[in-house]
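1. sequence first, predicted coordinates after that:
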Amino acid sequence: MIIKHRYALDTNRKIIKILQKRNIEYNIESGILIFTIEEDNQYFDEISNQVKIKSIVSKEFSRKELDEASWYSVRSIWTVGYPLPEDEYIEATFDQNRYCLNCRSNQFQINSYIIKPFEWKTRFFCTLFWQDRVLMVSAKCLSILKESQILGYTEKPVLNKKKEEYDDIIQILPNELIDGIDYDASRIEYIWACPVCGTKKYFPPKGQLTIHKEAFNNINSDYLSTVTQFGKYGSNRINIISKKLYDTIIRNNLDKNLEIEPIKII
Ligand SMILES: [Zn+2]
């Protein structure tokens, strides 16, 4: 696994001099200095201490690391729009007895999302703004999941503004949640506990998501999401897929706009 940090900051001569001296490539676009540095670069600490802003972290895994894993996290990097109505969708979509008005956590979906139409073109998975754990699939993708006997999800219709079901957009909603994340090994930082509902919130993992193997003992699903909720507000859980679902995605070339990372099991 290679962890990359991308920085974007106001052009700064002192930082540019360091980057030049350390042979690190950079760009300046409209006055913004942009560069990426790998975490195992010997100058990473020196440079990150100088920059003093948060980086955008991305992880790269080798084909071997991906092929040898048994579970994976998955996320769509294609976002098609906002849930509607923009100011009322939380009340309209989730179980009102369970979510917290203060921190917006514990969103358990009971109703369908309403979204504007879009074209899949050559894609198979998408997500929504503000709800980035949601996965929606095309009808073709859903039929491949069914043929492959993928288990553990509910097919949820997706509606247009007139509350009619789309034929070609279906949400797949995981039925099971999984606990057992090792926070230290995953490099997950604690943010806060909501004073109203007590839910603890975390930053997304900076390292490889690591889960204790016992957590999978009674799991029969190929598609799950974490008990742990990420981000200060909202209810973002990480979606997890089995080797069987991963293989189905790869074999059928469905991974075009998915970010898939192997999970470390300890
Ligand atoms: Zn709360």
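-> Good, I have the coordinates.
2. contacting residues for Val57?
-> 3-6, 206 (CB atoms under 8 Å, 6 or more residues apart in numbering). For the C-beta atoms, the positions are set from N, CA and C on the backbone; glycine is no exception.
3. in JSON lines: those residues, plus pLDDT.
-> What follows is these, written out as JSON lines (pLDDT from 0 to 100):
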{"residue": "Ile3", "pLDDT": "94"}
{"residue": "Lys4", "pLDDT": "95"}
{"residue": "His5", "pLDDT": "95"}
{"residue": "Arg6", "pLDDT": "95"}
{"residue": "Lys206", "pLDDT": "90"}
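4. redo those as CSV? Include secondary structure.
-> Below are the contacts of Val57 laid out as CSV (DSSP: H, G, I helix; E, B strand; the rest coil):
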residue, secondary structure
Ile3, strand
Lys4, strand
His5, strand
Arg6, strand
Lys206, coil
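5. need the max-distance pair from these.
-> Distance extremes for the contacts of Val57: the farthest pair is Arg6 and Lys206 at 13.4 Å, using CB to CB.
6. and these two? Which one has more around it.
-> Taking neighbours as other CB atoms under 10 Å, Arg6 and Lys206 compare with Lys206 leading, 15 against 12.
7. list the contacts for the closest residue to the more buried one other than its chain neighbours?
-> Using CB to CB, 6 or more residues apart in numbering and skipping the chain neighbours, the partner closest in space to Lys206 is Arg187 (3.9 Å). Arg187 sits next to 205-207 when contact means CB under 8 Å, 6+ apart.
8. equivalent analysis for Gly234, please.
-> 104-105, 107, 130-131.
9. of those, which belong to strands?
-> Gln131 (DSSP state E).
10. out of the contacts of Gly234, who's the most crowded?
-> Ranked by the number of neighbours (other CB under 10 Å), these place Ser105 first, at 23 neighbours.
11. so it is in contact with Tyr202, correct?
-> No. With contact defined as CB atoms under 8 Å, Ser105 and Tyr202 do not form a contacting pair (11.3 Å).
12. which residues do the two both contact?
-> Gln229.
13. one step back: what is the nearest of the contacts of Val57 to the ion?
-> The ion lies nearest to Lys206 out of the contacts of Val57, by CB to the ion, at 24.2 Å.
14. for the closest one, what are phi and psi?
-> phi -90, psi -20 (degrees, to the nearest 10).
15. picking up where we left off before, out of the contacts of Arg187, who's near the ion?
-> Filtering the contacts of Arg187 for proximity to the ion by CB under 5 Å from the ion leaves nothing.
16. adding distance to Asp40, write the residues you listed out as JSON lines.
-> Below are those laid out as JSON lines (distance: CB to CB, whole Å):
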{"residue": "Pro205", "distance to Asp40": "17"}
{"residue": "Lys206", "distance to Asp40": "14"}
{"residue": "Gly207", "distance to Asp40": "12"}
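17. what's the pLDDT at Tyr233?
-> According to the prediction, Tyr233 has pLDDT 89.
18. scratch that, Asp132
-> At Asp132, the pLDDT recorded in the model is 85.
19. dump the residue contacts of it.
-> 75-76, 79, 236.
20. got a winner among the residues you listed for most neighbours?
-> Asn236 (24 neighbours).
21. wait, what's in contact with it?
-> Contacts for Asn236 (CB under 8 Å, 6+ apart) come out as 132-133, 229-230.
22. ok, 6 Å please
-> Residues near Asn236 by CB atoms under 6 Å, 6 or more residues apart in numbering: 133, 230.
23. do Thr154 as well
-> 173, 175 are the contacts of Thr154 under CB under 6 Å, 6+ apart.
24. could you check how far it is from the ion?
-> 25 Å (CB to the ion, to the nearest Å).
25. show me what that residue is bridged to.
-> Here Thr154 sits in beta bridges with Leu173, going by DSSP bridges.
26. what's the spacing between it and Pro174?
-> 8 Å (CB to CB, to the nearest Å).
27. which one of the contacts of Gly234 sits closest to the ion?
-> Using CB to the ion, the contacts of Gly234 come closest to the ion at Ser105, 5.1 Å.
28. re the thing from before, quick check: phi and psi on the residue nearest to Lys206?
-> According to degrees, to the nearest 10, Arg187 has phi 60, psi 50.
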